[in-house]
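1. fold the following for me, if possible:
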Amino acid sequence: MANNKNEKLVSNITPMSGDFAQWYTDIVKKAELIEYTSVKGCMVIRPYGYAIWENMQKILDSRFKELGHENVCMPMFIPESLLNKEKEHVEGFAPEVAWVTHGGSEKLEERLCVRPTSETLFCEHYANIVHSYRDLPKLYNQWVSVVRWEKTTRPFLRSREFLWQEGHTIHETAEEAIEETERMLNVYADFCVDSLAMPVIKGRKTDSDKFAGAVSTYAIEAMMHDGKALQAGTSHYFGDGFAKAFGITFTDRNNTVSVPHQTSWGVSTRLIGAIIMAHGDDNGLVLPPAVAPVQVVVVPIAQHKEGVL
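-> Below is the predicted model of the structure:
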């Protein structure tokens, strides 16, 4: 055991004060959280790194279900015609979309987008199953991977394929949808504080920075060791824009045709990067106990002897 509290216990991690970006990369590699692959921006999440994500999943999934949400799984592929139904949405994601053009050696009649997010898929589904106010609300969530063709990538923080959860809900009234949007933002904030020991700032994004197709976007921002804020989770209120674009209607309590209101919200494996940059130090990885895969308890023996405690 080191006698000097300031003594560095490892020598192959770059000091964060010298090069914060390299310090972060050293941590994810030396802690065996990830391994790089032959595809730029894609990574192998190794067992220890995935165990952290599994612990996050368990806590969040339990909370979602307490609030009445159900897990589903949407397809990975989105037809181009479906993606194009909401103009603002497709324009926002167009630069990051990966396209499938061939099935085997045959060219597809229509390009398929590898999902960057799943609003259009949920809307197509809701249009088929929502007909009456009795069908509402639908409170769905899915745990999947998505693909966004990022130009600049870093493990966990920004990669071309990443794991996340995305909640998608549809409601009878705007008031219910707005309440859901704010409730889920608070769920994320509480999770960061209570389980990740990571204080966050909650707020509404500017119109220029909101999610493509949303009426309003709310986010939590966490402060990192380098003094910068990292977006750790988002919650979006869509109003009835997506519903109108996809022809989703229902018969309301007055027996008239109405348009529902929607939300979406999500967090990703970026949270692993966040806790590294919030809690890690020059000696390596530091994890909050709630999500640490390995738990260690030190039990002092012979506490009455001098120097034991």
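2. given the one helix or strand residue 101 maps to, what are its sheet partners and their directions?
-> Per DSSP states H and E: residue 101 is located in strand 98-103. Here strand 98-103 has these sheet partners by DSSP bridges: strand 106-114 (antiparallel).
3. show the subsequent helix or strand relative to the strand it pairs with.
-> Next along from strand 106-114, by DSSP H and E: helix 119-129.
4. just the residues contacting that next one, thanks.
-> 74-75, 78, 82-83, 85-86, 89, 115, 135, 138, 140, 168, 170, 213, 238, 242-243, 245-248, 260, 262, 264 (CB atoms under 8 Å, 6 or more residues apart in numbering). Where C-beta positions appear, they are placed from N, C-alpha and C, glycine not excepted.
5. filter these down to the buried ones.
-> Neighbour counting over these (16 or more other CB atoms under 10 Å) leaves 74, 78, 82-83, 85-86, 89, 115, 138, 140, 168, 170, 213, 238, 242-243, 245-246, 248, 260, 262, 264 as the buried ones.
6. buried residues in the worst-scoring helix or strand of the chain on mean pLDDT?
-> Sorting the helices and strands of the chain by mean pLDDT, DSSP states H and E puts helix 87-93 at the bottom, at a mean of 72. Buried residues in helix 87-93, counted by 16+ other CB under 10 Å: 89, 90, 92, 93.
7. what about the contacts of helix 119-129, which are in strands?
-> Judged by DSSP state E, these include 78, 138, 140, 168, 170, 238, 262, 264 as members of strands.
8. out of the residues you listed, the closest to residue 108 would be?
-> Closest approach between those and residue 108, by CB to CB: residue 78, at 12.7 Å.
9. for residue 93, see how far away the closest one is.
-> Distance of residue 78 to residue 93, given as CB to CB, to the nearest Å: 10 Å.
10. likewise for residue 227?
-> Counting by CB to CB - residue 227 and residue 93 are separated by 30 Å.
11. from residue 292, how far out is the closest residue to residue 193 other than its chain neighbours?
-> Nearest non-adjacent residue to residue 193, counting by CB to CB, 6 or more residues apart in numbering: residue 199, 6.0 Å away. Computed with CB to CB, the distance linking residue 199 and residue 292 is 19 Å.
12. comparing those two, which residue is more hemmed in?
-> Taking other CB atoms under 10 Å, residue 199 and residue 292 do not tie; residue 292 has more neighbours (16 against 12).
13. mind showing which ranges of the stretch 51-200 of the chain have poor pLDDT?
-> Within the stretch 51-200 of the chain, the segments meeting pLDDT under 70 span 87.
14. can you do 80?
-> 86-93 (pLDDT under 80).
15. show me where the stretch 201-309 of the chain has strands.
-> 216-223, 229-239, 250-251, 257-258, 261-268 (DSSP state E, counting those that start in this stretch).
16. now do the contacts for the residue lying closest to residue 253 once chain neighbours are set aside.
-> Among residues not flanking residue 253 along the chain, residue 133 sits closest, at 5.5 Å (CB to CB, 6+ apart). Applying CB under 8 Å, 6+ apart, one finds that residue 133 lies in contact with 172, 250, 251, 252, 253, 258.
17. got a quick PyMOL command for the buried subset of those?
-> For the buried members of those, the matching PyMOL selection, counting by 16+ other CB under 10 Å, is:
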select buried, resi 172+250+252+258
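18. export the contacts of residue 133 to TSV and tack on distance to residue 273?
-> Below are these laid out as TSV (distance: CB to CB, whole Å):
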residue	distance to residue 273
172	38
250	40
251	46
252	44
253	46
258	42
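19. any idea of the mean pLDDT for stretch 242-255?
-> For stretch 242-255, mean pLDDT rounds to 97.
20. again, but for stretch 26-40
-> 96.
21. circling back to that earlier point, mind listing what's buried along the strand holding residue 101?
-> When burial is assessed from 16+ other CB under 10 Å, strand 98-103 yields no buried residues.
22. and that strand, C-alpha only, in CSV?
-> Taking C-alpha atoms only, strand 98-103 is exported to CSV below (Å, rounded to 0.1, in the frame of the first residue of the first chain):
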residue,chain,number,x,y,z
ALA,A,98,-26.1,4.8,-43.2
TRP,A,99,-27.9,3.2,-46.1
VAL,A,100,-28.4,-0.4,-47.2
THR,A,101,-28.6,-0.5,-51.0
HIS,A,102,-28.2,-4.2,-51.8
GLY,A,103,-29.5,-7.5,-50.4
